[in-house]
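S.K.: Sequence first, then the predicted structure, then my questions.
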Amino acid sequence: MESLRRILSLIWKELLAILKDPKSRLTVIIPPLMQTLVFGYAATYDLNQVQYAVYDQDRSDASRRFLSTLDGSGTFKCIAVLSDESRISTLINSKTALLVVRIGPDFERRLLLGQAADVQVIADGRNSNTAGTALNYIGTIAADFTATWQKAHGRTNMPAQVVPRAWFNPSLETRWFMIPGLIGMLTFVQMIVITAMSVAREREQGTLDQLLVTPFRPIEIMAGKSLPSILIGLVQMTMVLFVAIFWFNIPFQGTLWTLYLGMLLFLVASVGIGLMVSSVALTLQQALLGSFLIIMPSALLSGLNTPISNMPHSIQYITLINPLRYAITIVHRVFLEGASFSQISSELWPLVLIAACSLWFALWMFSRRTT
Amino acid sequence: MQAHASEPEVLNCKGLTMEFTDERKQRFKALDDVSISIGRGAVTGLIGPDGAGKTTFIRLAAGLFMPKSGTIQVLGFDVATHPRAVQSRVGYMPQKFGLYEDLTVLENLNLYADLHGIQRKTRSERYRQLMQMTNLDRFTNRLAGRLSGGMKQKLGLACTLVSTPDLLLLDEPTVGVDPLSRRELWEIVYTLVREQGITVLLSTSYLDEAERCDKTVLLFQGKVLATGSPSQISAIANGKSFRIDTPAPLKPRQLQARLVGADGIVDAVLDGSHVRIVTSGNNPISENPAVEGLTMSSILPRFEDGFMILLRGIAGKGVESIRPPLPSHAVSAAENAENVVVEVHDLFKRFGNFTAVENVSFNVRKGEIFGLLGPNGAGKSTTFRMLCGLLPASSGKLRVAGVDLRQARASARQRIGYVAQKFSLYGQLTVMENLEFFASAYGLRKSRKKERIDWALTQFGLETRIGSAGSELPGGYKQRLAMACALMHEPDILFLDEPTSGVDPLARREFWSRINTLADQGVTIIVTTHFMEEAEYCDRLVIMVDGRVLASGTPMFIRGKALSQKGGEPTMEEAFIGIVEAFRMTAEDVKHDAPN
């Protein structure tokens, strides 16, 4: 009871210190909002009006059908029909076309024979992101075409091609993927920095010594440091959630309590990592550097920018200890897919494990360093 | 342009006024209509408590500020219109001199020589002179960060002098520097004046240093209180300084506590086993009821006495409100002899190869004021941190209130209070919020909490500052708040680490009278300091140098040690220097005698 009161007094002090100063109050609220808006508008990989040229050597019924599927997608715009191979490089080099679709002379014949028929797509790799997305999209269109062809011709034994398909974001808007992901990403960054800095600041200003000569126990000080950060994290994620639902009109499919429960576990794990950083860092500068040492790889390996399944196997194992990976999966599945508690439980227990390990390590380091 | 070669005055200012805006966006005058002139080749001291405007004046003279009104001429140039001409001929050493701690002594010198555009061929001769003068010639390849506090100041001075300035401006050059290094710094300053004809203007809040200046300017709240030679200032107290013998069961500090702030008494400080007082001189001292029945003798006044008379005339009595009642029964040390509350035996602390604390032993009894004296880096703070359980000891026995705080339950810390060397409360929180937080931290609640906070506010005169943020408090108030927070839970033992470092003379007097009151209430107080005269307030003390205890006992006993060596009545500072020099000498001998 006495211990609880002491922790409460620490929490109150911590919140006062963060929220009293108008400047630090703003740094808790404005950056997440701004980043959400900026990322929402700017970070879009969506394609519109991708200019391409066609070199159709087959000029068959099948090739025409394939090209019309491409045209019909609305994403691609045919700017030239070539009759000669040499023009391909001219078009690409001059950036007139991003893609050249080349259909071989035996396209229809091979399809009719039930063999794999190749469509060659030449892309301008100088803009790898757009090119990659465009290639992916053409892949999806090709698969659609294959499926339609098979149906029409009653074939089933064709070499099946696995193509990932966008289910829960039918219009493939990056925004739908990005903004819910930011709920995890932004709170992660802020949690780690706030927690790591708050302990380091006390260490640097000597107030930590002052705390340690009072009857506070290390575990109480840790609790008093974690809970305010978690509270702030919850407020921040709620803000991003509001922007996602009410500003960007992304339909929220799941239940709030599932999302909040998952995120709460994630916040505890993040704060644990923040405390771990702070238990090692002696100065503010070290704390800041340490935070970024954690944040950068965590963000890159979170699956928000690059799909985890595309990473090399060894790296995929590393992502297993990255709490952000689970948070982003949880948010995506609950937000876009409406996943229930039991459906995301496989993402929850790793978070519990990460939280337990990092908090234990921080407490151990903290006790060893101080008392 | 003026012919400055024949200009008799190095610095001349008239009606100088400087304004700043404080945290609450209110304007205040840091300097108010100041007119001073300084002749060539002398040491002028700017004397005054914190916030008197000393630093502002020096920065104006260095051309770093533009005055709000008035003029200031340095070496014949108007600083406002020719700041560069002034800066090229003035050496300025700020309070925190910008030494690069990761560079060696020589590299620091090179850097400042480059900045001042000193020719390479003239450098080596200049360096040789400077290094010899500052006694740093053996350390030219040592990293500046690994020099002691005093050596850093000397290096700072050497860097300031690479350009051979005509006027040297030193802003509190001796703050936080131990007595030995202080003495050396002063010797350097006088060598410069004598041998190179440099004019020196320095600021200090140490009143004993004022006596070493040729001329002093007393500043208070931005105004010039007086100017004159130290002896002229001392003369103000002619016939007003007395020494009082301490009557039997009282301790000198108890007598001092009773006299300080009494009517007609301007100042009362400890002087060995006596108390030295300065009267206002309005009425004959013999008629003052405060000294009734006490034996006293008239003594020669010193600078500090005159200063206090001038200051009290303006500032009034600062400490009246906390004048303690005489203890109903004077607790004698013998009564408490068995009551050992802090016990340190064969304490060692090593950091790698470096031994910070070596074989330290002492006992502190209940209700004592116990001092740890020594220069910076002597191991005082390290010992303190081990006592408070903030640092593990390498070996040895440590007992505070019967337990080792490092192993004891957290609740054992309820019995101690700790005031760290630098302000370590929450700067963003207000005075009230800090008090409330620490009250809760110590488990105080409801009426008890309110009672203690009210006590702290009145006792430390913080009522008017309830809403100020901790970081915005003036130095003296920060220290009061730190004390208030540490005393919130009425600890039995109070640890004070360098509580008076960087605190001006007025605030220091207040501080010690509070400490006296606490000790009389039975609180054990352990305090570190590098102000030697403060040792007089301790019941017992140890002198630490290089991690070792060189002497221990009552202030009288320690002064007596120097007495036998020198003759005459030594001050605590002289005793300290004597003890340290004797130790260093034998340490050198041991080094020489050793086969390797």
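M.R.: Happy to help now that I have it.

S.K.: Identify the residues contacting the closest residue to residue A:125 other than its chain neighbours.
M.R.: Excluding its sequence neighbours, the residue lying closest to residue A:125 (Cβ to Cβ, 6 or more residues apart in numbering or on different chains) is residue A:131, at 5.7 Å. C-beta coordinates here come from the backbone N, C-alpha and C atoms, glycine included. The contact partners of residue A:131, taken as Cβ atoms under 8 Å, 6 or more residues apart in numbering or on different chains, are A:98, A:99, A:123, A:124, A:125.

S.K.: Repeat the analysis, applying 6 Å as the threshold.
M.R.: A:123, A:124, A:125 (Cβ atoms under 6 Å, 6 or more residues apart in numbering or on different chains).

S.K.: For the host helix or strand of residue B:258, report the contacting residues that lie outside it.
M.R.: Element membership for residue B:258, per DSSP states H and E: helix B:252-259. Contacts to helix B:252-259, defined as Cβ under 6 Å, 6+ apart, come from residues B:246, B:265, B:268, B:270, B:273, B:275, B:277, B:290, B:324, B:326, B:513, B:516, B:537.

S.K.: any weak-confidence spans in the stretch 301-450 of chain B?
M.R.: For the stretch 301-450 of chain B, the stretches with pLDDT under 70 are B:315-338.

S.K.: got the residues of it near chain A?
M.R.: Residues of the stretch 301-450 of chain B lying close to chain A (Cβ under 6 Å from any Cβ of the partner chain) are B:388, B:390, B:410-411, B:413-414, B:418, B:420, B:422, B:424, B:428-429, B:437, B:440-441, B:443.

S.K.: hmm, try it at 8 Å
M.R.: Residues of the stretch 301-450 of chain B found near chain A (Cβ under 8 Å from any Cβ of the partner chain) are B:385, B:388-390, B:406, B:410-411, B:413-414, B:416-418, B:420-429, B:433, B:436-438, B:440-443, B:445.

S.K.: Tell me who's in contact with the closest residue to residue B:384 other than its chain neighbours.
M.R.: Of all residues not flanking residue B:384 in the chain, residue B:497 sits nearest, at 5.2 Å (Cβ to Cβ, 6+ apart). By Cβ under 8 Å, 6+ apart, residue B:497 lies in contact with B:380, B:381, B:384, B:418, B:419, B:420, B:421, B:528.

S.K.: quick one: which of the contacts of residue A:131 is most hemmed in?
M.R.: residue A:123 (21 neighbours; other Cβ atoms under 10 Å in any protein chain shown).

S.K.: So that residue versus residue A:78, what's the distance?
M.R.: 15 Å (Cβ to Cβ, to the nearest Å).

S.K.: ok so, going back, what angle do helix B:252-259 and the next helix or strand after the helix holding residue B:258 make with each other?
M.R.: Toward the C-terminus, helix B:252-259 is succeeded by strand B:265-271 as the next helix or strand (DSSP H and E). Interaxial angle of strand B:265-271 relative to helix B:252-259 (axes from the mean of the first three to the mean of the last three Cα atoms, to 10 degrees): 180 degrees.

S.K.: Test for you: state the pLDDT assigned to the residue nearest to residue B:384.
M.R.: Looking at residue B:497, its pLDDT reads 88.

S.K.: Residue B:164: neighbour count?
M.R.: With other Cβ under 10 Å as criterion, residue B:164 counts 14.

S.K.: What is the nearest of the contacts of residue B:497 to residue B:80?
M.R.: Distance to residue B:80 across the contacts of residue B:497 (Cβ to Cβ) is lowest for residue B:421, with 39.5 Å.

S.K.: That closest one - how many residues pack around it?
M.R.: Residue B:421 has 18 nearby residues by other Cβ under 10 Å.

S.K.: same question, residue B:298
M.R.: So residue B:298, with other Cβ under 10 Å, has 12 neighbours.

S.K.: List the single closest residue to the residue of the stretch 101-250 of chain A found nearest chain B in space, sequence neighbours excluded.
M.R.: Nearest residue of the stretch 101-250 of chain A to chain B (Cβ to the nearest Cβ) works out as residue A:206 at 3.3 Å. Leaving out its chain neighbours, the residue that sits closest to residue A:206 by Cβ to Cβ, 6+ apart is residue B:424, at 3.3 Å.

S.K.: Likewise for residue A:305?
M.R.: Leaving aside its sequence neighbours, residue A:305 sits nearest to residue A:299 (Cβ to Cβ, 6+ apart; 7.5 Å).

S.K.: which residues sit in contact with that neighbour?
M.R.: A:185, A:188, A:189, A:305, A:324.

S.K.: go on, residue B:10?
M.R.: By Cβ under 8 Å, 6+ apart, the contact set of residue B:10 is B:38, B:39, B:40, B:74, B:75, B:166, B:167, B:199.

S.K.: nearest to chain A, of these?
M.R.: residue B:167 (37.3 Å).

S.K.: wait, the closest one sits on residue B:197?
M.R.: No: Residue B:167 is beyond contact range of residue B:197, at 10.8 Å (criterion: Cβ atoms under 8 Å).

S.K.: The two: which has the busier surroundings?
M.R.: residue B:167 (21 against 10).

S.K.: quick one on the thing from earlier: in PyMOL, how would I select just the buried ones from the contacts of helix B:252-259?
M.R.: To isolate in PyMOL the members of those that are buried, counting by 16 or more other Cβ atoms under 10 Å in any protein chain shown, one can use:
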select buried, chain B and resi 246+265+268+270+275+277+290+324+513+516+537
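
S.K.: Distance to residue A:105 and secondary structure for the contacts of helix B:252-259 - can I get that in JSON lines?
M.R.: As requested, those are exported to JSON lines (distance: Cβ to Cβ, whole Å; DSSP: H, G, I helix; E, B strand; the rest coil):
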{"residue": "B:246", "distance to residue A:105": "118", "secondary structure": "coil"}
{"residue": "B:265", "distance to residue A:105": "116", "secondary structure": "strand"}
{"residue": "B:268", "distance to residue A:105": "113", "secondary structure": "strand"}
{"residue": "B:270", "distance to residue A:105": "110", "secondary structure": "strand"}
{"residue": "B:273", "distance to residue A:105": "117", "secondary structure": "coil"}
{"residue": "B:275", "distance to residue A:105": "115", "secondary structure": "strand"}
{"residue": "B:277", "distance to residue A:105": "116", "secondary structure": "strand"}
{"residue": "B:290", "distance to residue A:105": "120", "secondary structure": "helix"}
{"residue": "B:324", "distance to residue A:105": "109", "secondary structure": "coil"}
{"residue": "B:326", "distance to residue A:105": "116", "secondary structure": "coil"}
{"residue": "B:513", "distance to residue A:105": "105", "secondary structure": "helix"}
{"residue": "B:516", "distance to residue A:105": "107", "secondary structure": "helix"}
{"residue": "B:537", "distance to residue A:105": "105", "secondary structure": "helix"}
